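1. heads up, no residue letters with this:
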RNA sequence: GGCCCCGUCGUCUAGCGGCCUAGGACUCUGGCUUCUCAAGUCAGCUACGAGGGUUCGAAUCCCUUCGGGGCUACCA
């Protein structure tokens, strides 16, 4: 439409309707909103669209706040932090919408519609049969006062419906270019329900104007509702030069090529958090869905994202969510973690799994053990499984590994190992390795792979474990020897 | 059905008329390394949906077609 005033500071909003846990698609939108605000030095507004009182719950609203906070997507205006354009919950702004609806009515931009749900459904059905574009037929556009009186006498309660003028709406989408909708395909739409509550179409437009939003970055599903939104701006008397700019983001799809939803794979961000994915990995991966830095780099920090992110580099085609790549990025991020941070992330997983209780000795052991598993995990959720052998009270060898050390040669390995290790002065992994290599590899001529495998199973209980000698050092001489003897 | 959006390796993408016998990453396959698993490293597989134009030249521009998706609510 018109060029936007370049001197005004960027204001973008993320405005979810919390009818469930925030999911991957929502968060990708939030991330782009946030990144764009930070990139431009603008303002990031967080608004809750809870006009659908049937489906939105306080729990979901709180969960949405928690999720954004956990991801590090901090907002400048919104719930908890407030701001000059609040309140930021639409349920607290009902009087504002009512005022505007009344104004539209008095201006003739909107009118009362008395059609019942059944009547409307009948019209739509007929339209479908006749192969005509379905939509409101304008029945109540020009009612006489007698007709109105008759409807009211029947006890009908009207909705407020916006009048869509003849013609068309053209606007420039920052991602898709110029888009035009003929108004004959954009029927008159409802602004206010019969019970007086506002609909999304009214609330979203009023709030974006009142909150001085300059850029609307949102899902592609809202593309076709944009003409209605512009119609409300017009009725509000807003100068087209002051309309926000729109950018409709491509979808994030599930494996079956349908828009990602609750029924289509793990979508809730809470699930990924509990599985041990880092916020930065989730954001990094999501940023790559529909956007790229332009060069071959893919591992970006949050800071780099805010520096590099532009709407121009967002492309228009949908992307399929691939957990494999998320895992790869998560593994990279975990490996890059300084020990202290890795420890901080790891602790909740260990305590929640019951691997440790949290004593000082346990914590010291965890800190010593983390370096040897840091490069072998993809999610934090794998930590308890790998370190369990260090803390477990009633140690036992896993069923599938037990049978691998029942042969005579394995027994020989264990016997010799106990003999040599018992006299070891310094229980350090270098010394342990040296003694065992001499005894088992050089003197007995065994294959390292075979000899150490038997010991690994005896000591850690599994044929898959962190490096053997480091594991033995951490476990301590007493327990290590005890377990090897028990395995014999 | 109508309207709108979209279409490069299996997946995410680079590409914006010649640098493309199409590059990177993930996945997968094989090798190296190796005390297992990882990590690291090397190599390989595989793509411009199709058909017409425009042009000296097209993944890049235009048209058609096919395919996918969204919307079509007193949901958002």
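-> Received the coordinates, thanks. Source: prediction; values computed, not measured. Numbers count the residues shown, from 1 in each chain, chains lettered A, B, ... in the order given.
2. drop to CA atoms for contacts and neighbour counts, all remaining ones
-> Fine.
3. find the nearest non-adjacent residue to residue A:112, please.
-> residue A:160 (4.8 Å; Cα to Cα, 6 or more residues apart in numbering).
4. and the helices in the stretch 151-300 of chain A, which stretches?
-> All helices of the stretch 151-300 of chain A, identified by DSSP state H, counting those that start in this stretch, fall at A:200-210, A:226-236, A:269-275, A:279-287.
5. rewinding a little: and for the residue nearest to residue A:112, the neighbour number?
-> 22 (other Cα atoms under 10 Å).
6. show me what contacts it?
-> Each residue near residue A:160 by Cα atoms under 8 Å, 6 or more residues apart in numbering is listed here: A:101, A:105, A:110-113, A:190-194.
7. likewise residue A:56?
-> A:17-20, A:50.
8. repeat that with 7 Å
-> Neighbour list for residue A:56: A:18-19, A:50 [criterion: Cα atoms under 7 Å, 6 or more residues apart in numbering].
9. helix, strand, or coil at the residue found closest to residue A:200 once you drop the neighbours it is linked to in the chain?
-> Of all residues not flanking residue A:200 in the chain, residue A:51 sits nearest, at 6.8 Å (Cα to Cα, 6+ apart). Secondary structure state of residue A:51, per DSSP: H, G, I helix; E, B strand; the rest coil, is coil.
10. just the pLDDT for residue A:51.
-> With respect to pLDDT, residue A:51 scores 88.
11. so what's the residue count around it?
-> Neighbour tally, residue A:51, other Cα under 10 Å: 21.
12. are any of the contacts of residue A:160 buried, and which?
-> A:101, A:105, A:110-113, A:190-192, A:194 (16 or more other Cα atoms under 10 Å).
13. right, and the helix or strand after the worst-scoring helix or strand of chain A on mean pLDDT?
-> Every helix and strand of chain A was ranked by mean pLDDT, DSSP states H and E. The lowest is helix A:399-402, at a mean of 82. As assigned by DSSP states H and E, the chain's next helix or strand after helix A:399-402 is helix A:408-422.
14. report whether that following helix contacts RNA strand B.
-> No - counting by Cα under 7 Å from any atom of the strand, no contacts exist between helix A:408-422 and RNA strand B, the nearest distance being 13.3 Å.
15. what do you get for stretch A:451-470?
-> Yes - residues of stretch A:451-470 contacting RNA strand B under Cα under 7 Å from any atom of the strand: A:452-453, A:456, A:463-470.
16. of the contacts of residue A:160, list those near RNA strand B.
-> Restricting the contacts of residue A:160 to those near RNA strand B - Cα under 7 Å from any atom of the strand - leaves A:190, A:192-194.
17. out of those, which sit inside strands?
-> When DSSP state E is applied, those are split such that A:190, A:192 fall in strands.
18. show me where the stretch 301-450 of chain A has strands.
-> With DSSP state E, counting those that start in this stretch as the criterion, the stretch 301-450 of chain A has strands at A:319-320.
19. spell out which residues of it are next to RNA strand B.
-> A:313-322, A:324-325, A:328, A:332, A:375-377, A:448-449.
20. among these, name the buried ones.
-> By 16+ other Cα under 10 Å, these give A:314-316, A:318-321, A:332, A:376-377 as buried.
21. farthest-apart pair in those, please.
-> Using Cα to Cα, these reach their maximum pairwise distance at A:316 and A:376, which is 36.6 Å.
22. so where's chain A uncertain?
-> Confidence mapping of chain A against pLDDT under 70 gives the ranges A:1-8, A:257-265.
23. does RNA strand B sit close to the longest helix seen in it?
-> Longest helix of chain A, by residue count under DSSP state H: helix A:24-40. No - using Cα under 7 Å from any atom of the strand, we find that helix A:24-40 stays clear of RNA strand B, coming within 10.1 Å at best.
24. what residues of that helix count as buried?
-> Going by 16+ other Cα under 10 Å, helix A:24-40 has these buried residues: A:24-39.
25. how about stretch A:366-385?
-> Neighbour-count burial for stretch A:366-385 flags A:366-367, A:369-371, A:373-374, A:376-384 (criterion: 16+ other Cα under 10 Å).
26. wait, which of those is closest to residue A:217?
-> Distances from residue A:217 to the buried residues of stretch A:366-385, taken by Cα to Cα, are shortest for residue A:379, at 31.0 Å.
27. and the residue nearest to that closest one when sequence neighbours are not counted, what does it touch?
-> Once flanking residues are discounted, residue A:379 sits nearest to residue A:276: 4.8 Å by Cα to Cα, 6+ apart. Contacts here follow Cα under 7 Å, 6+ apart; on that basis residue A:276 touches A:379-381.
28. now these in JSON lines, with distance to residue A:118?
-> Below are those laid out as JSON lines (distance: Cα to Cα, whole Å):
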{"residue": "A:379", "distance to residue A:118": "53"}
{"residue": "A:380", "distance to residue A:118": "54"}
{"residue": "A:381", "distance to residue A:118": "52"}
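29. circling back: now find how far off-centre the longest helix of chain A is within its chain.
-> 11 Å (Cα atoms, centre = their mean, to the nearest Å).
30. wait, residue A:220 touches residue A:247, no?
-> No - taking Cα atoms under 7 Å as the definition, residue A:220 is not a contact partner of residue A:247, at 8.5 Å.
31. higher neighbour count, these two?
-> When residue A:220 and residue A:247 are compared for neighbours, residue A:247 comes out ahead with 23 against 16, by other Cα under 10 Å.
32. for that one, give me its contacts.
-> Here residue A:247 is in contact with A:173-175, A:216-218 (Cα under 7 Å, 6+ apart).
33. ok, residue A:477 next?
-> residue A:427.
34. next, format the buried ones among the contacts of residue A:160 as JSON lines and append distance to residue A:133.
-> JSON lines is the format used below for the buried ones among the contacts of residue A:160 (distance: Cα to Cα, whole Å):
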{"residue": "A:101", "distance to residue A:133": "27"}
{"residue": "A:105", "distance to residue A:133": "26"}
{"residue": "A:110", "distance to residue A:133": "22"}
{"residue": "A:111", "distance to residue A:133": "22"}
{"residue": "A:112", "distance to residue A:133": "23"}
{"residue": "A:113", "distance to residue A:133": "20"}
{"residue": "A:190", "distance to residue A:133": "18"}
{"residue": "A:191", "distance to residue A:133": "21"}
{"residue": "A:192", "distance to residue A:133": "23"}
{"residue": "A:194", "distance to residue A:133": "25"}
